[in-house]
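> My questions concern the predicted model and sequence given below.
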Amino acid sequence: MIKSVIAGVGHYVPENIVTNDDLSQRMTTTDEWITERTGIKERRHRKNRLDSEETTSFYGFKASEVALKNANLTAKDIDYIVFATLSPDYFFPGCGVQLQELLGCDTIGALDVRNQCSGFIYAVSVADAFIKSGMYKNVLVVGAEIHSFGLDFSDAGRGVSVIFGDGAGAIVLSSSEASDSRGILSVNMHSEGKYAEELVVKFPGSKSGWSDNLLSNPDLITAEDIYPVMNGNFVFKHAVTRFPETILEALQKAGKTIEDLDLLIPHQANLRISQYVQQLLHLPDEKIFMNIQKYGNTTAASIPIALSEAILEGRMKPGDLVCLSAFGSGFTWGSVLFEY
Ligand code: COA
């Protein structure tokens with residue numbers, strides 16, 4: 001039977017560290033407010049907000065280079081690219097094709113996934129299905145974001161802009177027919193579109209008007225159209241229900257229990273959400289990985305960055321049962337369970 005195994009993992013974050021105190025120079029906020037509500041102490045931002053070289057696909061490229069190296073593979077070995085992001089270089093085409101060019105892959109397929117904080121889980125599901133079907137051998141799965149160019153750093157946007165950060169993570173998922181128990185055991189995805197506007201960026205889009213509106217009547221476009229709008233409390237309440245649900249679902253489908261789990265790597269949405277989930281599932285500190293303190297919420301990039309750091313910090317060893325789980329805009333949520 002063909003299984004998907006994680007052959008290599010890598011991440012990349014820009015050098016520019018933005019602390020809570022730095023943000024308090026730009027808007028009415030404090031380190032205390034941000035730390036207490038979210039656990040975030042700092043995040044990374046692209047140095048120059050107008051830099052057209054340092055793009056989301058470039059961040060994905062930097063993370064992919066590390067993942068390929070760790071997998072002992074080259075770009076020519078990759079059969080397909082799945083790129084998850086909500087902050088692409090262009091409205092279209094997507095980042096997958098930019099990455100194909102940057103890496104110098106053959107003219108392989110490149111798919112973009114638009115599932116926000118759950119994007120990486122959805123991206124892994126595609127790669128896993130292609131591998132298990134026998135269609136591809138090595139699939140590059142990337143989550144990358146540059147949020148800092150699209151956030152409202154005035155007081156009006158402070159409830160959102162303090163949370164998000166820039167970065168990228170990548171994995172190479174490869175097929176294996178080995179008789180060991182390594183590999184992806186279950187993949188789970190959900191959506192509830194009635195809550196689309198609880199966490200949304202409306203422009204550009206067919207609902208809020210296209211560029212012709214902007215040209216003919218720029219006054220029609222408001223800050224609410226172009227910046228993310230989030231009903232924070234509402235998102236929080238749904239997240240703390242959906243995270244545990246999908247983690248238990250992943251275990252149950254694989255015939256495992258919460259006691260079998262060695263490490264939970266949740267999407268880094270908010271430290272308080274992760275701590276709530278940890279308590280509910282009675283997980284000791286060593287069984288959950290959190291790095292939101294350093295990077296904020298990097299949306300589709302948060303899980304692969306955390307996975308990469310968990311490996312670098314020796315938090316995962318071969319044979320460990322690991323669960324990735326996410327919740328976010330859509331609403332969408334899901335989980336991936338694997339043996340490392
Ligand atoms: N600094 C200081 N004050 C701020 C602030 C900031 N950065 N952002 C908002 N405030 C103010 C609000 O204006 C409000 O003031 P008021 O009471 O005078 O009206 C007050 O703080 C409380 O705002 P509220 O939005 O109710 O705070 P909260 O306790 O719900 O925390 C979040 C806000 C966003 C941190 C919290 O709701 C959250 O984390 N939600 C989940 C978000 C998330 O995970 N999103 C990603 C999903 S994947």
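Alright, I've got the coordinates.
> What is the neighbour count of V200?
Applying other CB atoms under 10 Å, we find 19 residues neighbouring V200. Glycine gets a C-beta too; all of them are placed from N, C-alpha and C.
> show me the contacts for the residue of the chain found nearest the ligand.
Nearest residue of the chain to the ligand (CB to the nearest ligand atom) works out as G232 at 2.6 Å. Neighbouring residues of G232 by CB atoms under 8 Å, 6 or more residues apart in numbering: G159, V160.
> distance of it from S174?
Noted for G232: a distance of 39 Å to S174, by CB to CB, to the nearest Å.
> What of P304?
When P304 is compared with S174 (using CB to CB), they lie 16 Å apart.
> of the two, who's got more company?
The neighbour comparison of P304 against S174 (other CB under 10 Å) goes to P304, with 31 against 23.
> So that one is in contact with A63, correct?
Yes: using CB atoms under 8 Å, P304 is in contact with A63, at 7.1 Å.
> just the strands in the stretch 51-200 of the chain please.
Assigned by DSSP state E, counting those that start in this stretch, the stretch 51-200 of the chain shows strands spanning 80-84, 109-113, 138-145, 167-176, 183-191, 199-200.
> and these, which is most packed in?
Highest mean neighbour count among these (mean count of other CB atoms under 10 Å): strand 138-145, with a mean of 31.
> now for it, which elements pack on it?
Under the contact definition 3 or more CB pairs under 8 Å, 6 or more residues apart in numbering; DSSP states H and E, strand 138-145 sits against helix 56-70, strand 80-84, helix 95-103, helix 119-133, strand 167-176, helix 302-312.
> can you pull up the bridge partners for the spatially closest residue to N70 that is not a sequence neighbour?
Of all residues not flanking N70 in the chain, G8 sits nearest, at 3.6 Å (CB to CB, 6 or more residues apart in numbering). Judged by DSSP bridges, the bridge partners of G8 are V172.
> picking that back up, can you list residues touching both of P304 and A63?
Residues within reach of P304 and of A63 at once, by CB under 8 Å, 6+ apart, are H11, V142, A168, G169, A170.
> Between the residues you listed, which sits nearest G193?
Distance to G193, by CB to CB, is smallest for V142 among these, at 25.0 Å.
> Okay, and the beta partners of the closest one?
Here V142, judged by DSSP bridges, has bridge partners F83, A170.
> separation between S274 and S302?
S274 is 11 Å from S302, by CB to CB.
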